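Peer 1: the following comprises the amino acid sequence and a computationally predicted model.
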Amino acid sequence: MIEPSLFNILDLLGTVAFAISGALAAMNRRLDLFGIFIIAFVTSIGGGTLRDILLGRNPVTWMENTLYIYLIGVVTFFAIVFRYKLDHLKKSLFLFDTIGLGVFTITGVELGVQNNLDPIISIAIGAMTGTFGGVIRDILCNEIPVIFRKEIYATASIMGGLAFVILYEMGVNTDVIYIVTSLIVIIIRLIVVKYHISLPSFYLSSGEDHQG
Amino acid sequence: MIEPSLFNILDLLGTVAFAISGALAAMNRRLDLFGIFIIAFVTSIGGGTLRDILLGRNPVTWMENTLYIYLIGVVTFFAIVFRYKLDHLKKSLFLFDTIGLGVFTITGVELGVQNNLDPIISIAIGAMTGTFGGVIRDILCNEIPVIFRKEIYATASIMGGLAFVILYEMGVNTDVIYIVTSLIVIIIRLIVVKYHISLPSFYLSSGEDHQG
Amino acid sequence: MIEPSLFNILDLLGTVAFAISGALAAMNRRLDLFGIFIIAFVTSIGGGTLRDILLGRNPVTWMENTLYIYLIGVVTFFAIVFRYKLDHLKKSLFLFDTIGLGVFTITGVELGVQNNLDPIISIAIGAMTGTFGGVIRDILCNEIPVIFRKEIYATASIMGGLAFVILYEMGVNTDVIYIVTSLIVIIIRLIVVKYHISLPSFYLSSGEDHQG
């Protein structure tokens, strides 16, 4: 069985949130029953699998513990049954995607720090862990990957990672860090989308399109 | 040299089948000579590489043994030479893709079981091993990934994986299991496509598109 | 600190070149500040990460040494500031992409040879190392992956890899090999694009489209 630490609880929470976001995206694509489950599964384990492969953790988390796969199965089932309760698809998908982003970011930063990697490397691993599941989901569902929409996405993840390593250096209790930094990611994204804030972009108006 | 076990023969058979499917898809995209070889190669080794990385098998199978890369080269050459014999492209691609799916699924499940992973995890690894090459091929060739077409695809893989672990628990001879379960995947897919069977889908007619 | 060997210098040069190509592609897509950095980062580390994961090098190069991530940050900053100097986007992107391709190909072949892998396997690893970053960049930026454009791309990488293993077998000094073979890749691609050379393609005019 899995140890009931806050780290593991967050990891499971991210798994659930991304599974729901994957199931919603798959239903929106009219996929069949197994298709929905597979997208939910891949979205859910994508970020953690990349994280574990990069860090050489072997076997990867979801392979050691069947709790993940059963949880994804149950969550997907409920997402299908209650799909009309989640009827504001755009909002539901956004919300669960944001929770997953916040929580998985922190698991990535934490494992980077635990492996004595440099803080900036840990932040990068956190950002990859947080965003990878959503990117896979969007590529497989033929959507524009979420990191490219106007909403600040990876930026929120990086801000949370930054807060994590600062609080960690200050010696704050890790459980407090987990909760505070996950919330930072989630709140930044919620505020940004609510108030339509965006970072500057630097368009190349060179009159030449590199696609040719 | 490679040991002439049934497992290795199946692994090579899947390699050949996916190489042909990759070469056909690349020719359909008007790729040049090396482009065809590269798509054939990546389609062919994709599933096994993901399987080996997930399971921490290092180096991955095709890197230890040049037989794979030469085989892919020869097969691709023949696929180019005999491309007009394979002229019902849609049918040929479907057939070889299905063989590859069936055979690679079983190599994934088998290695999961060998590594003492839980049966359901082994089935998931089998499904990823069986489908990954085709997904890469379709993403690179800008097709809708095969797992999203109406035809039951990953479902056939999961059914074969399920049969594998059941027969394994019953103590059936492994060579028999390999053949029976590979055939289950292939036959399910052939029947499903022939009779236009499809699983239920759960479309979200919420009137909101999450793409915005 | 990183050892100032020619190998490491080439690895850093490829990192810089791909970071610029990634930043240019992201600016062309009107991504925001962090979006530009992330695409630059992923393009830059993609090939080396795949190479290190395939070879079981753990942790992967950029995670061991913060030089990579800072370099990518600085280069991206300069690419943004001087974006109008790089105003022939198509040409600039092409040039930096080609340098990255040439240099990373060689790091892949070299590590394959160092690990006592068969020459043909080492060439394949070189080609994957050289092309993977650009493929990720193009998939994320919704471009047709560079390996599919008419220009000979992966072929140049394979030619350079071939030259590497031949010179290596002949006992030529490794530093000479690195420079000569990197240049071979770069020059082949420059010539090919300048003179519009292309390899034969084998279109399947079977009257059937496998997309259905």
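Peer 2: The structure has been received and is ready for your questions.
Peer 1: quick check: residues of chain A near chain B?
Peer 2: Residues of chain A lying close to chain B by Cβ under 8 Å from any Cβ of the partner chain are A:24-25, A:27-36, A:38, A:41, A:49, A:53, A:58-60, A:62-63, A:66, A:69-70, A:80, A:83-84, A:87-90, A:93-94, A:139-140, A:142-144. (Each C-beta comes from the backbone N, C-alpha and C, glycine too.)
Peer 1: what subset of those is buried?
Peer 2: When neighbours are counted using 16 or more other Cβ atoms under 10 Å in any protein chain shown, the residues of chain A next to chain B contain these buried positions: A:24-25, A:27-29, A:31-36, A:38, A:41, A:49, A:53, A:58-60, A:62-63, A:66, A:69, A:80, A:83, A:89, A:93-94, A:139-140, A:143.
Peer 1: ok, and the closest non-adjacent residue to A:I80?
Peer 2: Excluding its sequence neighbours, the residue lying closest to A:I80 (Cβ to Cβ, 6 or more residues apart in numbering or on different chains) is B:F202, at 5.3 Å.
Peer 1: shouldn't A:G22 be in contact with A:V42?
Peer 2: Yes. With contact defined as Cβ atoms under 8 Å, A:G22 counts as touching A:V42 (6.9 Å).
Peer 1: quick one, which of these two is more surrounded?
Peer 2: A:G22 (35 against 23; other Cβ atoms under 10 Å in any protein chain shown).
Peer 1: just the helices in chain A please.
Peer 2: Per DSSP state H, chain A carries helices over the ranges A:6-28, A:33-54, A:61-64, A:67-81, A:89-114, A:119-140, A:154-169, A:174-194.
Peer 1: may I see those organised as TSV, with mean pLDDT and distance to B:G161 added?
Peer 2: As requested, these are exported to TSV (pLDDT from 0 to 100; distance: least, Cβ to Cβ, whole Å):
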stretch	mean pLDDT	distance to B:G161
helix A:6-28	90	20
helix A:33-54	91	12
helix A:61-64	90	14
helix A:67-81	93	13
helix A:89-114	89	27
helix A:119-140	91	20
helix A:154-169	94	34
helix A:174-194	92	35
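Peer 1: right, and those - which one's nearest C:M128?
Peer 2: helix A:33-54 (15.9 Å; Cβ to Cβ).
Peer 1: quick one: is that closest one near chain C?
Peer 2: Yes. Under the criterion of Cβ under 8 Å from any Cβ, chain C is reached by helix A:33-54 at A:53-54.
Peer 1: and that helix, what other elements does it pack with?
Peer 2: When contacts are defined as 3 or more Cβ pairs under 8 Å, 6 or more residues apart in numbering or on different chains; DSSP states H and E, helix A:33-54 packs onto helix A:6-28, helix A:61-64, helix A:67-81, helix A:89-114, helix A:119-140, helix B:33-54, helix B:154-169, helix C:33-54.
Peer 1: A:N58 reaches A:D52, doesn't it?
Peer 2: Yes. If you go by Cβ under 8 Å, A:N58 and A:D52 touch, sitting 7.4 Å apart.
Peer 1: what residue is smack in the middle of chain A?
Peer 2: Residue closest to the mean C-alpha point of chain A, counted by Cα atoms, centre = their mean, is A:L101 at 3.0 Å.
Peer 1: ignoring the adjacent residues along the chain, who's closest to it?
Peer 2: If the residues on either side of it in the chain are set aside, A:L101 comes closest to A:G130, at 4.7 Å by Cβ to Cβ, 6+ apart.
Peer 1: show me what contacts the one you found?
Peer 2: Residues in contact with A:G130 (Cβ atoms under 8 Å, 6 or more residues apart in numbering or on different chains) are A:47, A:100-102, A:104-105, A:108, A:154, A:157, A:160, A:185.
Peer 1: ok, now A:G100?
Peer 2: Neighbouring residues of A:G100 by Cβ under 8 Å, 6+ apart: A:14, A:17-18, A:21, A:47, A:130, A:133-134.
Peer 1: ok, the residues you listed vs A:E169, which is closest?
Peer 2: For the contacts of A:G100, the residue nearest A:E169 by Cβ to Cβ is A:G130; the value is 20.7 Å.
Peer 1: measure the closest one to B:Y68 for me?
Peer 2: For A:G130, the distance to B:Y68 equals 35 Å [Cβ to Cβ, to the nearest Å].
Peer 1: what of A:N116?
Peer 2: As defined by Cβ to Cβ, A:N116 lies at a distance of 37 Å from B:Y68.
Peer 1: which of those two has more neighbours?
Peer 2: Neighbours per residue (other Cβ under 10 Å) separate A:N116 from B:Y68, with B:Y68 holding more: 25 against 7.
Peer 1: name the nearest residue to the more buried one, ignoring sequence neighbours.
Peer 2: B:Y68's closest residue in space is B:W62 (Cβ to Cβ, 6+ apart), at 4.0 Å.
Peer 1: what's the distance between stretch A:156-170 and the middle of its chain?
Peer 2: 16 Å (Cα atoms, centre = their mean, to the nearest Å).
Peer 1: list the buried residues for that stretch?
Peer 2: A:156-165, A:167-168.
Peer 1: in TSV, list those along with distance to B:V192.
Peer 2: Output for the buried residues of stretch A:156-170, formatted as TSV (distance: Cβ to Cβ, whole Å):
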residue	distance to B:V192
A:A156	43
A:S157	40
A:I158	45
A:M159	47
A:G160	45
A:G161	45
A:L162	50
A:A163	50
A:F164	48
A:V165	51
A:L167	53
A:Y168	52
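Peer 1: good, wrapping up.
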